[in-house]
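Participant: with the sequence up front, the predicted model follows.
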Amino acid sequence: MSGRWLLLSRSNTRHRRAKWKASVPQMVPVTVDGETKLVPQNLVKAYRRGLL
C-alpha cells in the first residue's frame, strides 16, 4: 500500500514541476555613474550600491 502511495506522490510532483514555467524578470532602467542600464527589478538595490 505505501509503495503505491509513493509512486502517486512522485508522479504528482513531476507533473507539477513539468507545468512550472519561469517568468521573464521585469527589467528596470537604473542610472549608475551617468550610465543607464536595464536590470532585473530584484537587483536594482545591488546595482545602486555598486555591488554588481
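Facilitator: Perfect, thanks for sending it.
Participant: list the contacts of stretch 20-34.
Facilitator: Contacts to stretch 20-34, defined as Cβ atoms under 8 Å, 6 or more residues apart in numbering, come from residues Thr36, Lys37, Leu38, Val39, Pro40, Gln41, Asn42, Val44, Tyr47, Arg48, Gly50. C-beta: built from backbone N, CA, C; applies to glycine.
Participant: what's near enough to touch the last one?
Facilitator: The one in question is Gly50. Val32.
Participant: and Val24, helix, strand or coil?
Facilitator: coil (DSSP: H, G, I helix; E, B strand; the rest coil).
Participant: what about it, how many residues nearby?
Facilitator: Neighbourhood size, Val24 [other Cβ atoms under 10 Å]: 6.
Participant: ok, now how distant is it from Gln41?
Facilitator: 11 Å (Cβ to Cβ, to the nearest Å).
Participant: next helix or strand past the worst-scoring helix or strand of the chain on mean pLDDT?
Facilitator: Least confident helix or strand, the chain: helix 2-19 with a mean of 72, by mean pLDDT, DSSP states H and E. Following helix 2-19 in sequence order, the next helix or strand is strand 27-32 (DSSP states H and E).
Participant: now do the buried residues in that next one.
Facilitator: Val30 (16 or more other Cβ atoms under 10 Å).
Participant: for the record, mean pLDDT for that strand?
Facilitator: Across strand 27-32, pLDDT averages out at 91.
Participant: what's the answer for stretch 37-52, then?
Facilitator: Stretch 37-52 carries an average pLDDT of 90.
Participant: I am finished for the moment; much appreciated.
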